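*Asks:* Any chance you can model this:
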Amino acid sequence: MSNRMAPADWSPPRRPVYAAEGMAATSHPLATLAAVETLREGGNALDAAISACAVQCVVEPQMTSIGGDCFAFFAPNGGDRIVAYNGSGCAPAALDSALLASRGIAAIARDSPHSVTLPGTIDAWARLNADHGRLELARLLVPAIRYAEAGYAVNARLAGHFARFRDRLNRHGATARVFLPHGGAPLRAGEVHRQPALAETLRCVAREGRNGFYRGAVAADIVQCLQALGGVHSLDDFAAYRGTYVEPIATQYRGVTIHECPPNGQGIVALQMLNILSGYDLARLAPLGAERLHLAVEAQRLAFRDRDSWIADPRRSSVPTEALLAPSYAASLRQQIDPARALATLPPPVLPGHKDTVYIAVVDRDRNVASLINSVFDAFGSGITAPLSGVLLQNRGAAFTADPGHPNCVAPGKRPLNTIIPGFASRAGRAVLSFGVMGGDYQPAGHVHLLGNWLDHGWDIQAAIDAPRVFHRDGAMEYENGIGAVALADLEGRGHRIRLAAQPIGGGQAVAIDWQAGTLIGASDSREDGCAMGY
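*Replies:* Just a heads-up that it's a prediction; the model follows:
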């Protein structure tokens, strides 16, 4: 496994973390700590990932919630026979495009009750833990319950989100009471934030399992809250909800098999991009040079065009997964790319932008591998909090269209296109990398950027995650500081409209397995406040 560092003109702000027995990487130190404590108490990688994610549902409410979605991979004993779970939510049984039209709704607003799909997180945790875990779910929730009841110290990043999204949090009374407890004023960094109602809900789940969320008082509170706002959710919707085990999709890239969850997730977009880029000798190109960045962005634009045309819930719409991943199709897309010039403007995406997600990578002493991702879609999701249970609800349904002719049109029990994608890589039948990149639409491009840095250029995984990023959105190539002036001028010369990204582009975590050395290597994005930790 290569350990080459980045080029001399850019250095990663962090180094990778090494350990022999277990390793976890998350976007919050308290979550990483919970994962490592779970491993040391005998839990496996999946147990640790669930415990960490539960903590993040308390301490990173801008990113995730038990009212959100979850996707996960679990690879027992470091093999490439992967358990994959789709815990994404679906529309309530009474919601369809005709109902929206009857109410004069042409598009589902981000703060609308119609944007709230049935939460899949608790179902995913409970099912995965029951089928593949070692410790009881109640034990895994102990750290989250403690932080919700006794409180946690708000970090600078969350304090910034409280201030930035103050208006969204103030739109709903229960949300303001929970997240703006000082009469509507944002919490400051260092203040202790408590969520006692959420603590009691987590205790209910610890006692009763998934039924503690999808039946009884918690479900009733959420349904009553949404119905009061005009939603059409019912107790039957909650009782009937189930996530599903799915068969991963994969492609080969530089001798490594890259695995993704199938649609309704957008992991297929990352595989399409890798298929396109596999036809270029990227290893000979400067990692942060214009030629490599140009090819990556053009591949992204073509793959995202297909995403917005085809990707939907395959249970309800025809999704041509096999055709989209065919080598011949990748070759035809590659032929459309001019190495010297940006393509003409592509059709604009039909989906809204979004970027609030947490990702967790864990490997345990038996080399069980977990790759888990959880999200509320927008920052603080819909901004709607059920008042008695303290559950902040996602707004993933804003990704639906209201066009009856589109594959991603809203329909009863249908899942919208989902942006959150855990990643997993294997070589010769062995797991070699659990990885994920947060950032909504950016996630497939982030997977490709991380994998290219790691496989094409031989960087260690910390450098591969931290490296400056570019992403094409809203007609322009956004770039982070660290892309040199010469490269930027070259990109402009190729016809790209460029602009400095207003915020860091995404986040990410990864844990690699070095089978030869018998060690684990962890990395956590310096754009976030989290860390990798092993023992």
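*Asks:* lowest average confidence, helix or strand, in this structure?
*Replies:* Across the helices and strands of the chain, mean confidence by mean pLDDT, DSSP states H and E is lowest for strand 356-363: a mean of 88.
*Asks:* what pairs with that strand, and is each one parallel or antiparallel?
*Replies:* According to DSSP bridges, strand 356-363 forms sheet pairs with strand 23-26 (antiparallel), strand 369-377 (antiparallel).
*Asks:* residues in contact with the first one?
*Replies:* So that's strand 23-26. Residues from elsewhere that reach strand 23-26, judged by C-beta atoms under 8 Å, 6 or more residues apart in numbering: 17, 32, 35-36, 39, 48-49, 52, 56, 358-363, 509-511, 520-524, 530-534. In this view, the C-beta of every residue, glycine as well, is placed from N, C-alpha and C.
*Asks:* Can I get stretch 201-216 in PDB, CA atoms only?
*Replies:* Presented in PDB, the C-alpha positions along stretch 201-216 are these (Å, rounded to 0.1, in the frame of the first residue of the first chain):
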ATOM      1  CA  THR A 201     -37.100   9.100  22.700                       C
ATOM      2  CA  LEU A 202     -33.700   7.400  22.500                       C
ATOM      3  CA  ARG A 203     -34.500   5.600  25.800                       C
ATOM      4  CA  CYS A 204     -37.800   4.500  24.300                       C
ATOM      5  CA  VAL A 205     -35.900   3.000  21.300                       C
ATOM      6  CA  ALA A 206     -33.400   1.400  23.700                       C
ATOM      7  CA  ARG A 207     -36.300  -0.300  25.500                       C
ATOM      8  CA  GLU A 208     -38.600  -1.200  22.600                       C
ATOM      9  CA  GLY A 209     -36.400  -1.300  19.600                       C
ATOM     10  CA  ARG A 210     -37.800   0.000  16.300                       C
ATOM     11  CA  ASN A 211     -41.400  -0.200  17.700                       C
ATOM     12  CA  GLY A 212     -40.400   2.500  20.100                       C
ATOM     13  CA  PHE A 213     -40.100   4.900  17.200                       C
ATOM     14  CA  TYR A 214     -42.500   3.600  14.500                       C
ATOM     15  CA  ARG A 215     -45.400   2.800  16.800                       C
ATOM     16  CA  GLY A 216     -46.700   4.400  19.900                       C
END
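*Asks:* And the longest helix along the chain, what does it pack against?
*Replies:* As assigned by DSSP state H, the longest helix anywhere in the chain is helix 290-310. If you count contacts as 3 or more C-beta pairs under 8 Å, 6 or more residues apart in numbering; DSSP states H and E, helix 290-310 packs onto helix 267-277, helix 327-335, helix 443-451, strand 470-473, helix 485-493.
*Asks:* quick one: it to chain centroid distance?
*Replies:* Here helix 290-310 is found 19 Å from its chain centre; the criterion is C-alpha atoms, centre = their mean, to the nearest Å.
*Asks:* angle of it against helix 485-493?
*Replies:* On the basis of axes from the mean of the first three to the mean of the last three C-alpha atoms, to 10 degrees, helix 290-310 is oriented at 50 degrees to helix 485-493.
*Asks:* Show me the contacts of strand 23-26 that map onto helices.
*Replies:* Those of the contacts of strand 23-26 lying in helices (DSSP H): Thr32, Ala35, Val36, Leu39, Ala48, Ala49, Ala52, Gln56.
*Asks:* need the contact list for the third one.
*Replies:* Pointing back at Val36 there. Val36 touches Gly22, Ala24, Ala48, Met533, Gly534, Tyr535, counting by C-beta under 8 Å, 6+ apart.
*Asks:* let's see it at 7 Å
*Replies:* Gly22, Ala24, Met533, Tyr535 (C-beta atoms under 7 Å, 6 or more residues apart in numbering).
*Asks:* Pull out the buried residues from those residues.
*Replies:* Gly22, Ala24, Met533 (16 or more other C-beta atoms under 10 Å).
*Asks:* For the second one, list each beta-bridge partner.
*Replies:* Taking DSSP bridges, one finds Val362, Met533 as the beta-bridge partners of Ala24.
*Asks:* Adjust the sequence numbering to begin at 15 for everything that follows.
*Replies:* Got it, the first residue is 15 from now on, which makes the last one we talked about Ala38.
*Asks:* check which helix or strand covers the residue nearest the centre of the chain.
*Replies:* By C-alpha atoms, centre = their mean, the chain has its centre lying nearest to Ile434, at 3.6 Å. In this assignment (DSSP states H and E), Ile434 forms part of neither any helix nor any strand.
*Asks:* how many other residues sit next to the closest residue to Arg208 other than its chain neighbours?
*Replies:* Leaving aside its chain neighbours, Arg208 sits nearest to Gly165 (4.1 Å; criterion: C-beta to C-beta, 6 or more residues apart in numbering). Applying other C-beta atoms under 10 Å, we find 17 other residues in the vicinity of Gly165.
*Asks:* Okay, now the unreliable bits of the chain?
*Replies:* When residues are selected by pLDDT under 70, those of the chain lie in 15-23, 360-370.
*Asks:* Show me how the record splits it into domains.
*Replies:* Using automatic domain parsing, the domain ranges for the chain come out as 45-82+98-258+380-413, 260-356+435-548.
*Asks:* Show me how far the last one is from its chain's centre.
*Replies:* For domain 260-356+435-548, the separation from the chain centroid amounts to 14 Å (computed by C-alpha atoms, centre = their mean).
*Asks:* the strands in the stretch 15-164 of the chain, which residues?
*Replies:* 31-33, 37-40, 83-89, 97-101 (DSSP state E, counting those that start in this stretch).
*Asks:* Go through those and name the closest to Glu150.
*Replies:* Smallest distance to Glu150 across these (C-beta to C-beta): 17.3 Å, for strand 83-89.
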